[in-house]
Structures are given as structure tokens and as C-alpha cells.
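Novice: how would this look folded up:
(chains A, B, C and D)
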There are 2 protein chains.
Amino acid sequence: MNLQLRYAGVMKDDAPIRRSPVSLAECNLSRSFELIGDRWTLLILRSAQHGLRRFDDFQADLDIPRTVLSARLASLVETGIMDKRAYREVGQRARVEYPLTKMGRALALPFMAMTQWGDKYLGGKKLPLTLRSRTTGGKISVAYVDEKGRAVDMTDIEIVIDPAARRRAAKKRKPRTSA
Amino acid sequence: MNLQLRYAGVMKDDAPIRRSPVSLAECNLSRSFELIGDRWTLLILRSAQHGLRRFDDFQADLDIPRTVLSARLASLVETGIMDKRAYREVGQRARVEYPLTKMGRALALPFMAMTQWGDKYLGGKKLPLTLRSRTTGGKISVAYVDEKGRAVDMTDIEIVIDPAARRRAAKKRKPRTSA
DNA sequence: TCAGCAAAGTCCATAAAATGGATTCAGCAG
DNA sequence: CTGCTGAATCCATTTTATGGACTTTGCTGA
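Specialist: Modelled structure (predicted):
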């Protein structure tokens, strides 16, 4: 976890890179950030990963303004990360809950990778939350693996950019001072 | 990648969870989000992962307001994710650049996990950016692994919460209507 | 020598969001 | 009918973002 990932075929490593090789519009990382990349959305999703599903539970768990929560849940439903459905407890009227969809549950992996990063660089000695194997009890972590499911070292990895996705000519830069 | 991760020892899975088991203050995931969890910071870090280091390069790459970029870079330096240092090109005066620190470069793993998620749920057929092994040329991905570096299936994983980190009594909820 | 330029900012007025408190709405219990 | 509760919405205030112009520094080429 020491080296920066490097591009395939790049030799001179000291010449600075001036532009991202993939445009924002085509980059699935920035597209992800567009959907979930703000503080409250991320925190809502964290609570949701823990199993929370109800409006007031999110509100109390995070102490989030109700207007913001309302807006964020709506957009998470719209993007397919959460579902909106009725539930009914015994002797209660029907209410609404927001469970994660499969798409939303799949965020567990990036979130765990992020947690691992926080554990290493922000945490103290104790790790509040860890993963372990049900069968062996051994510690589980997130890592790069090859096709056979073997962990690989970062030094053996290179980034490949699809030529078709390479940043295009760049819509003409607007000059710094216009008037 | 189908099931939600489950807590160790939890049997009744249908009773809704009402609170996150780890408080925001102690959760290394929410601490991470506090540092990097806003749209512009995430995008700056994406560009930085691609190798960008200079103020105007970030500005042009992302079309980010200069004030915001200035503020974000300062806080990334303060938290130790980026470094601030002088560089000098031949025949130019000394200028400033913002390379990622080791801590910042380590964000590559969560970012790749996030990219993978985007590839699956947001992307089209084509993947603009992929990882491969330098030695075998095989595809590299991000996954859960055990201590021996073997990929493990999600169904075999359970979440363990350190009892010491369990959410404490919860500072008394303020009533809904005060006056 | 000095005008021009480029990188790395700051300043400022306007626009957009977040915040937090009160209010609304629906339907079950008593 | 009244109270209560979960799920919102409304509104005034504060905070933050936005985008354009302006500033600073020290090089280069004329």
C-alpha cells in the first residue's frame, strides 16, 4: 500500500500529468460521486449499511435536518440505491421505510475499503468495527485480487485506459478574464 | 455481492435496527467522510490519483471555483492527505504543487472499489479504466480477502463490533417541539 | 531594462443550500 | 373525539458555493 498506481506503458514518471485521462462525464468514479458524494448522503448510507431503514431513525441517528433527509432519501430512491416501500408493525398503521436495494448493499465493499483506510490513518489502536470469517473466524479485509481470487501486490498493478474513453479535445477553455 | 453484511450473533434479522452500533464520533468511516466526503474534495482526490498536482491543473481539470479549490487543498494538506511543496521547472520560477502523501495514495483502494461499483451499476458496456497485472496481464479487481490472501464470499463474512465502542447511552433526545 | 506572461492565489457580490424550529398530515389507540 | 407518532413540509436565518475580476511573484524575450 505504498506506491501510487501507475498507468500502463508510462515510462517517464516525473513529467507532471496535467489532465485526468478520463473525462468527468465518462468516469464511473465521478459519476458515483455525483450520486452519493456529499456528506449527508454518505452518512445516510452508512446508517443504512448498518440496517437502518426509517425516516425518524435516520434523523435521530445522524441528527440531520429533516428537510435534508427528505431530499436525500428521495434522490437515493430515484437513483435506485434505496427502495421506498410500506411496512406495518402490529397494531400500527402502514408507514414508509427505505431499505437498500442490491445496488445500495453493494456499496458495502467501497465503504469497508474506506473504513479500512480510516482505521489505518485516522483511528486509534482499537478498531470499533471489523470483519471476520464465519467459518474460520479469521480476519477479513479488502484488497486487490487477480482473476483466481489471489491477493496481489500494488506494485504488480497497472492502470489501463480504454483509448475510446480518452479525454477528448477539451471544449475550448474560456479565457481567464473575459471583460 | 448479493447479501448485506450481517452482524455476528444476530439471529432475528427482520426486527429493524434503530441505531447504528458505532457512534459517529468513533466510526472511522464517518471520520473519513468528514475529511474527504464532499463533492469537490472527492473530485480533487480523483484528479490527484490520476497524478495531477498543480493548482491550475486541478482548476482546469474540474472547472472548480478557485476559492473552493484553495480552501479544499488547504484542508487536505492540514489533514495529511496532500503535501504542499515547491517545484521548479527549468527556466521558471519556483511554484507550489500538491502531491498526495502516502495516506492520500492509499485512497486508491477505496476509490477503485467505488469505481468498480460505478462500473457495475452506472456504467455502460465499456469500462474506461481498468486494472491489470503487470506480470500476467490478468484483470485485477477489489474484493474481500482472508488472512491468507484468498478472496472470500460475502456470505461467509460477519461484522464484529468492539463492545467498548458500542454506542453509548445517547445524550438525551431533545423533544420535537420545545416552545 | 522592462512589458508580458503564467501560476497561484485573494476579493467580492450574488446565488444556492443547509439549518432548526414550527407546522401539517394520516390513521390507529384509548 | 383526542392524543400520539412517523413522515414529512414550510419558513426565516445562516452558511457555503459560485464566478468574475484583481493581485502577486519572478521568470523570459525584445
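
Novice: what comes up buried for stretch A:111-123?
Specialist: By 16 or more other Cβ atoms under 10 Å in any protein chain shown, the buried positions in stretch A:111-123 come out as A:Phe111, A:Met112, A:Ala113, A:Met114, A:Thr115, A:Gln116, A:Trp117, A:Gly118, A:Asp119, A:Tyr121, A:Leu122, A:Gly123. Bear in mind the C-beta positions are built from the backbone N, C-alpha and C, glycine included.

Novice: does the fifth one sit in a helix, a strand or a coil?
Specialist: At A:Thr115, secondary structure determined by DSSP: H, G, I helix; E, B strand; the rest coil is helix.

Novice: Identify the bridge partners of the closest residue to A:Tyr98 other than its chain neighbours.
Specialist: Using Cβ to Cβ, 6 or more residues apart in numbering or on different chains and skipping the chain neighbours, the partner closest in space to A:Tyr98 is A:Met82 (4.7 Å). Beta-bridge partners of A:Met82, counted by DSSP bridges, are A:Leu100.

Novice: pretty sure A:Met82 contacts A:Leu76?
Specialist: Yes: A:Met82 lies in contact with A:Leu76 (Cβ atoms under 8 Å); the separation is 4.2 Å.

Novice: Could you pick out the residues of chain A near DNA strand C for me?
Specialist: With Cβ under 7 Å from any atom of the strand as the criterion, chain A meets DNA strand C at residues A:38, A:40, A:63-68, A:71, A:91-94.

Novice: got the residues you listed as JSON lines, with pLDDT, secondary structure and distance to A:Leu5 columns?
Specialist: Converted to JSON lines, those look like this (pLDDT from 0 to 100; DSSP: H, G, I helix; E, B strand; the rest coil; distance: Cβ to Cβ, whole Å):
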{"residue": "A:Asp38", "pLDDT": "94", "secondary structure": "coil", "distance to A:Leu5": "26"}
{"residue": "A:Trp40", "pLDDT": "97", "secondary structure": "helix", "distance to A:Leu5": "30"}
{"residue": "A:Asp63", "pLDDT": "95", "secondary structure": "coil", "distance to A:Leu5": "37"}
{"residue": "A:Ile64", "pLDDT": "96", "secondary structure": "coil", "distance to A:Leu5": "35"}
{"residue": "A:Pro65", "pLDDT": "95", "secondary structure": "coil", "distance to A:Leu5": "38"}
{"residue": "A:Arg66", "pLDDT": "95", "secondary structure": "helix", "distance to A:Leu5": "41"}
{"residue": "A:Thr67", "pLDDT": "95", "secondary structure": "helix", "distance to A:Leu5": "40"}
{"residue": "A:Val68", "pLDDT": "96", "secondary structure": "helix", "distance to A:Leu5": "35"}
{"residue": "A:Ala71", "pLDDT": "96", "secondary structure": "helix", "distance to A:Leu5": "36"}
{"residue": "A:Gly91", "pLDDT": "84", "secondary structure": "coil", "distance to A:Leu5": "56"}
{"residue": "A:Gln92", "pLDDT": "86", "secondary structure": "coil", "distance to A:Leu5": "51"}
{"residue": "A:Arg93", "pLDDT": "87", "secondary structure": "coil", "distance to A:Leu5": "53"}
{"residue": "A:Ala94", "pLDDT": "91", "secondary structure": "coil", "distance to A:Leu5": "49"}
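
Novice: And the strands in chain A?
Specialist: A:6-7, A:85-87, A:95-97, A:129-133, A:139-145, A:157-161 (DSSP state E).

Novice: The worst-scoring helix or strand of chain A on mean pLDDT: partners in the sheet, and parallel or antiparallel?
Specialist: For chain A, using mean pLDDT, DSSP states H and E, the weakest element among its helices and strands is strand A:6-7, scoring a mean of 82. The pairing partners recorded for strand A:6-7 under DSSP bridges are strand A:157-161 (parallel).

Novice: show me what contacts the residue nearest to the spatial centre of chain A?
Specialist: Chain A has A:Pro110 as the residue nearest its centroid, 5.0 Å off, counting by Cα atoms, centre = their mean. Taking Cβ atoms under 8 Å, 6 or more residues apart in numbering or on different chains, we find A:Pro110 in contact with B:Pro110, B:Ala113, B:Met114, B:Gln116, B:Trp117.

Novice: ok, so what distance separates it from DNA strand D?
Specialist: Using Cβ to the nearest atom of the strand, to the nearest Å, A:Pro110 is found at 22 Å from DNA strand D.

Novice: do A:Leu24 as well
Specialist: A:Leu24 is 13 Å from DNA strand D, by Cβ to the nearest atom of the strand.

Novice: how many neighbours does that residue have?
Specialist: Counted with other Cβ atoms under 10 Å in any protein chain shown, residues neighbouring A:Leu24 total 18.

Novice: All the helices of chain A, residue numbers only.
Specialist: A:28-36, A:39-49, A:55-62, A:66-78, A:102-105, A:108-121 (DSSP state H).

Novice: Just send the ones you listed back as a markdown table, with distance to B:Leu45 too.
Specialist: Listed next are the helices of chain A as a markdown table, based on distance: least, Cβ to Cβ, whole Å:
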| stretch | distance to B:Leu45 |
| --- | --- |
| helix A:28-36 | 10 |
| helix A:39-49 | 14 |
| helix A:55-62 | 23 |
| helix A:66-78 | 22 |
| helix A:102-105 | 23 |
| helix A:108-121 | 12 |
